[in-house]
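1. Pasting the sequence and the predicted coordinates here, then a few questions.
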Amino acid sequence: MFGFWQRLGSVFLIAIVAFLIGIFNEALTGWITFSIGMLWLVLHHTWHLTAFEQWLLISDHTPSSIPAGRGIWDNIFAHLARFVRMQNQSQQLINFELKQLQSVTAAMPDGIVILDENNHIEWCDPVAEKHLGVNLTLDVDQQITNMVRQQSFVDYLATGKFNKPLVLRQMRHHRLTLLIQIVPYGNQQKLLISRDITSYERIEIMRRDFIANVSHELRTPLTVINGYLEMLSGEPDIDNSMHQYALHAMTEQTIRMQRLVEDLLTLSRLESTRDKLNERPVKIIDLLHEIYNEAQSLSSGKHKIELDIKNEGQILASREELRSAFSNLISNAIRYTPENGEITICWEIKEGKGMFSVCDTGVGIEQEHISRLTERFYRVDSSRSRETGGTGLGLAIVKHILNRHQARLKIKSEVGKGSEFCIQFPEKRLILNSYN
Ligand code: ADP
């Protein structure tokens with residue numbers, strides 16, 4: 001409040017001087033003095049205001065460019081100079097930190113794009129420009145899907161489910177394979193992170209090709225060896241029990257190796273992106289009767305096998321692959337269930353999903369193994385698996401087949417009581433008008 005009265009000091013001074021002149025001279029002279037004083041005051045403030053306005057209009061607001069002031073304006077301009085100095089300092093700090101951030105992001109191998117709530121590009125770093133064929137200066141505020149047009153990316157963005165990354169192959173400008181991860185943040189904004197995985201993919205393809213080639217090359221020699229072993233086993237001259245035992249063991253091991261090679265080749269084929277899914281409507285009821293008959297002959301009457309078909313239906317799938325997945329689960333149930341055990345093969349449509357399950361009253365599996373069963377060569381009990389003719393690849397094959405059909409495998413088991421392996425097919429794979 002004191003400041004207010006201080007600011008009015010010059011008005012009071014003029015008024016007092018004019019009043020005194022009015023007393024000692026004429027009242028008119030006093031009024032004229034007062035008017036001249038006030039006019040001078042108005043001119044003084046107007047001149048400073050104009051100088052201030054002109055300063056506001058210039059582009060370079062440095063403290064030195066602030067005009068010099070007199071009286072109260074000297075104070076105001078001094079405060080303004082201090083304020084501008086502080087502003088410039090914090091601006092410099094922000095610029096420095098922004099440059100630091102830009103050099104950090106430029107040094108990162110990953111591309112970063114900031115998207116707004118409608119998936120328009122707000123900012124991206126130079127790596128993302130290279131990865132996605134974007135030009136920040138030209139494409140800012142553009143929809144990201146105008147730049148990255150692959151259908152898989154458009155669908156990924158539309159679903160809004162970003163818990164798993166997306167692999168994008170063959171980008172527009174380069175033969176790149178990118179791993180795209182989207183992280184939502186703030187006010188429905190998104191951070192898109194792109195990573196170049198072209199070289200990893202190349203190594204992965206080399207690994208796959210190597211396994212496929214080795215397995216393929218091993219196939220013929222094994223067939224020849226097995227042929228001769230079978231021929232020798234049938235020779236009447238071989239009566240020495242030691243020789244017979246050796247021949248029997250060699251034949252058994254060769255058959256095991258042949259099974260391994262066949263399973264490795266199946267896995268390689270399933271992993272190959274070139275091998276497209278040969279899908280068509282498969283009548284579940286027919287397929288189940290086929291594999292049920294197979295299961296009966298595999299068990300040779302040692303188990304009680306039941307087939308429980310709750311609904312008829314068709315699935316859009318590769319018949320061979322479906323058959324292989326179902327047979328693998330049934331053959332496991334037979335191999336890991338002791339004699340007189342019960343096995344139930346069931347098919348039903350529940351909550352819009354197609355469910356195929358195989359339940360057994362076999363040895364069961366401890367909980368800690370369940371999540372790892374679909375890994376290649378993972379066995380709970382390797383000696384049992386070998387004894388029963390297992391390769392350790394059966395469930396890995398099942399998992400690959402299910403992935404190709406967007407289906408899921410659920411496993412429940414209790415040691416000593418039995419296991420349930422259930423395959424869930426998504427609604428889109430069911431042919432709706434054909435089941436009742
Ligand atoms: P394998 O050829 O060894 O059977 P799989 O990949 O088919 O290989 O199965 C992996 C492991 O899972 C098996 O070694 C076995 O320990 C376990 N397993 C699979 N199915 C069953 C089942 N029905 N009951 C008990 N254990 C099972």
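-> Here it is on my side, so go on.
2. Could you double-check that residue 63 lies in contact with residue 83?
-> No: the pair residue 63 and residue 83 does not pass the contact test of C-beta atoms under 8 Å, sitting 9.0 Å apart. In short, each C-beta sits where N, CA and C put it, glycine included.
3. Looking at the two, which is more packed in?
-> residue 63 (16 against 12; other C-beta atoms under 10 Å).
4. which residues touch residue 430?
-> 313-316, 349, 352-354 (C-beta atoms under 8 Å, 6 or more residues apart in numbering).
5. any chance of the residues you listed in a markdown table, plus neighbour count and secondary structure?
-> Putting the contacts of residue 430 into a markdown table (neighbours: other C-beta atoms under 10 Å; DSSP: H, G, I helix; E, B strand; the rest coil) gives the following:
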| residue | neighbour count | secondary structure |
| --- | --- | --- |
| 313 | 22 | coil |
| 314 | 21 | strand |
| 315 | 25 | strand |
| 316 | 15 | strand |
| 349 | 19 | strand |
| 352 | 10 | coil |
| 353 | 16 | strand |
| 354 | 24 | strand |
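6. Among these, find me the one that's closest to the ligand.
-> residue 354 (20.8 Å; C-beta to the nearest ligand atom).
7. Chain neighbours aside, what residue packs nearest to the closest one?
-> Excluding the flanking residues, the one nearest residue 354 by C-beta to C-beta, 6 or more residues apart in numbering is residue 425, at 3.7 Å.
8. which element is the closest residue to residue 379 other than its chain neighbours on?
-> Nearest non-adjacent residue to residue 379, counting by C-beta to C-beta, 6+ apart: residue 385, 4.4 Å away. Per DSSP states H and E: residue 385 is located in helix 382-387.
9. buried sites along that helix?
-> residue 385 (16 or more other C-beta atoms under 10 Å).
10. is the ligand contacted by it?
-> Yes: with C-beta under 6 Å from any ligand atom as the criterion, the ligand is reached by helix 382-387 at residue 385.
11. ok, residue 322 to residue 286 distance?
-> Separation of residue 322 from residue 286 (C-beta to C-beta, to the nearest Å) stands at 11 Å.
12. The residue nearest to residue 354 is in contact with residue 315, isn't it?
-> Yes: the pair residue 425 and residue 315 qualifies as a contact (C-beta under 8 Å) at a distance of 5.8 Å.
13. Please list the residues of the stretch 251-400 of the chain that sit near the ligand.
-> So the stretch 251-400 of the chain meets the ligand at 332-333, 336, 360, 362-363, 365, 373, 378-381, 385, 390-396 (C-beta under 6 Å from any ligand atom).
14. gap between the two ends of stretch 121-137?
-> 11 Å (C-alpha to C-alpha, to the nearest Å).
15. Show the average pLDDT along it.
-> Rounded to a whole number, the mean pLDDT of stretch 121-137 is 90.
16. buried stuff in it?
-> In stretch 121-137, counting by 16+ other C-beta under 10 Å, buried: 121, 124-125, 127-134.
17. Can you give me every residue that contacts residue 193?
-> Applying C-beta under 8 Å, 6+ apart, the residues near residue 193 are 110-112, 180-183.
18. Now the buried members of the residues of the stretch 251-400 of the chain next to the ligand.
-> By 16+ other C-beta under 10 Å, those give 332-333, 336, 360, 362-363, 365, 373, 378-380, 385, 390-396 as buried.
19. re earlier: ok now the helix or strand following the helix holding residue 385, how far from the chain's centre?
-> Per DSSP H and E, the first helix or strand lying C-terminal to helix 382-387 is helix 394-404. From the chain centre to the centre of helix 394-404 is a distance of 21 Å (C-alpha atoms, centre = their mean, to the nearest Å).
20. what's helix 394-404 packed up against?
-> Applying 3 or more C-beta pairs under 8 Å, 6 or more residues apart in numbering; DSSP states H and E, one finds that helix 394-404 contacts helix 241-271, helix 319-335, strand 408-414.
21. buried stuff in the longest one?
-> Of the residues in helix 241-271, those buried by neighbour count under the rule 16+ other C-beta under 10 Å are 247, 250-251, 254, 257-258, 260-261, 263-268, 270-271.
22. Would you map the strands across the chain?
-> For the chain, applying DSSP state E gives strands covering 111-115, 121-124, 166-169, 177-185, 189-196, 280-283, 304-309, 314-317, 342-350, 353-360, 408-414, 418-425.
23. Switch the ones you listed over to a markdown table; also include distance to residue 223.
-> What follows is the strands of the chain, written out as a markdown table (distance: least, C-beta to C-beta, whole Å):
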| stretch | distance to residue 223 |
| --- | --- |
| strand 111-115 | 50 |
| strand 121-124 | 56 |
| strand 166-169 | 37 |
| strand 177-185 | 37 |
| strand 189-196 | 43 |
| strand 280-283 | 31 |
| strand 304-309 | 32 |
| strand 314-317 | 31 |
| strand 342-350 | 33 |
| strand 353-360 | 32 |
| strand 408-414 | 33 |
| strand 418-425 | 32 |
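24. Please tell me how far residue 233 sits from residue 71.
-> 120 Å.
25. now do residue 162
-> 63 Å.
26. Ok, residue 111 next?
-> 59 Å.
27. what about the two, which has more around it?
-> Per other C-beta under 10 Å, whichever of residue 111 and residue 71 has more neighbours is residue 111, with 23 against 14.
28. wait, isn't that one in contact with residue 125?
-> Yes: counting by C-beta under 8 Å, residue 111 does reach residue 125; the two are 6.2 Å apart.
29. can you pull the contacts of whichever residue of the stretch 1-150 of the chain sits closest to the ligand?
-> Residue of the stretch 1-150 of the chain nearest the ligand, by C-beta to the nearest ligand atom: residue 150 (34.2 Å). By C-beta under 8 Å, 6+ apart, residue 150 lies in contact with residue 168.
30. Now it: phi and psi?
-> Backbone torsions for residue 150, taken as degrees, to the nearest 10, come to phi -60, psi 140.
31. now the end-to-end length of stretch 302-316.
-> Per C-alpha to C-alpha, stretch 302-316 runs 34 Å from first to last residue.
32. before we move on, what about stretch 365-383?
-> 15 Å.
33. same deal with stretch 61-73?
-> Using C-alpha to C-alpha, the distance between the terminal residues of stretch 61-73 is 18 Å.
34. Likewise for stretch 297-304?
-> Note: stretch 297-304 ends 12 Å apart using C-alpha to C-alpha.
35. what residues does that stretch touch?
-> Contact with stretch 297-304 is made by 305, 330-331, 334, 337, 339-343, as judged by C-beta under 8 Å, 6+ apart.
36. Nothing else from me, thank you.
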